[in-house]
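Visitor: just need the structure, nothing else, for what follows:
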Amino acid sequence: MKRILVVEDDRMIASGLVYALEREGYAVSHGLTVNEAVNAIAAHKFDLAILDMQLPDGTGFDVRKKLSDTAVIFLTVVDDEACIVKAFEGGADDYVIKPFRIRELLARVKRTLNEAAGNSIPSLLTVGDITIDVSAGKTYINGALLVLTALEYRLLLIFASHRGQLLTRAQILENIWDSAGSFVEDNTLTVYIKRLREKLGDSLNIETVRGIGYRVD
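Guide: Got it, this is the predicted structure:
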């Protein structure tokens, strides 16, 4: 079981986040301050820390300095490029602006934990007549370059890396957001898949499993 440290002084935000994480099967410790976080770090080894930038007795950076071999997601109300750059330079694996959607944050948590565990996607994927050069971010059909939007590319990457698996709509939504970080709503997923099918043509069959989700063989 993955263990997550949440350091957030807003009790309402923290309670909702802890509840959602525990429902996903994570073991969660919560601290309101830097001091409480330090005590938790002394008691447990964490796989991921979700840190509020502004705390009553310091900052998320103060907590980050106490962590080793732990992935970090910073939370902040400051949507400022300089602040974001500082966060990544300070060791952040991801950065989320408040207010945020819980499901989006859960998706980012899952992605960050997978990357920290080394569960990365191979640099070259082949499915049907399609080849995806992951390192270059390019897709080819029988050698011809296929132009996709960022979200269409991400959808295709999910299908290709889960070939033969039945993916529920919820699983897909948990793992996709556009290049600007906007979360994809359930009622728009069908539209994006329709567009992807039109571009892929007969090169790949994205099967609809009615009432459940999609599968690519």
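
Visitor: residues in contact with residue 67?
Guide: Neighbour list for residue 67: 41, 46, 49 [criterion: C-beta atoms under 8 Å, 6 or more residues apart in numbering]. Placement of C-beta: from N, CA and C, glycine included.

Visitor: elements contacting the helix or strand bottoming out on mean pLDDT in the chain?
Guide: Sorting the helices and strands of the chain by mean pLDDT, DSSP states H and E puts helix 81-89 at the bottom, at a mean of 74. For helix 81-89, the contact count by 3 or more C-beta pairs under 8 Å, 6 or more residues apart in numbering; DSSP states H and E identifies strand 71-76, strand 94-97 as packing neighbours.

Visitor: which of the ones you listed is buried the deepest?
Guide: strand 71-76 (a mean of 23; mean count of other C-beta atoms under 10 Å).

Visitor: starting at the chain centroid, how far to it?
Guide: Mean-position distance between strand 71-76 and its chain equals 12 Å (C-alpha atoms, centre = their mean, to the nearest Å).

Visitor: ok, now stretch 43-63?
Guide: Centroid separation for stretch 43-63 versus its chain: 19 Å, with C-alpha atoms, centre = their mean.

Visitor: identify the residues contacting it?
Guide: 2-10, 17, 29, 32-35, 37-38, 40-41, 64, 67, 70-78, 83, 87, 90, 105, 109, 112-113, 116.

Visitor: hang on, the earlier thing: can you put the contacts of residue 67 in a markdown table and add distance to residue 133 and neighbour count?
Guide: What follows is the contacts of residue 67, written out as a markdown table (distance: C-beta to C-beta, whole Å; neighbours: other C-beta atoms under 10 Å):
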| residue | distance to residue 133 | neighbour count |
| --- | --- | --- |
| 41 | 40 | 20 |
| 46 | 35 | 23 |
| 49 | 33 | 26 |
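
Visitor: could those be laid out in TSV, adding secondary structure, pLDDT and distance to residue 138?
Guide: Putting the contacts of residue 67 into TSV (DSSP: H, G, I helix; E, B strand; the rest coil; pLDDT from 0 to 100; distance: C-beta to C-beta, whole Å) gives the following:
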residue	secondary structure	pLDDT	distance to residue 138
41	helix	96	42
46	coil	96	37
49	strand	97	35
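
Visitor: quick one: buried ones out of the contacts of stretch 43-63?
Guide: 2-9, 17, 29, 32-34, 37-38, 40-41, 64, 67, 70-76, 87, 105, 109, 112-113, 116 (16 or more other C-beta atoms under 10 Å).

Visitor: restricted to strands, list those.
Guide: 3, 4, 5, 6, 7, 29, 71, 72, 73, 74, 75, 76 (DSSP state E).

Visitor: and which of those is nearest to residue 163?
Guide: Nearest to residue 163 out of those is residue 71 (C-beta to C-beta; 27.2 Å).
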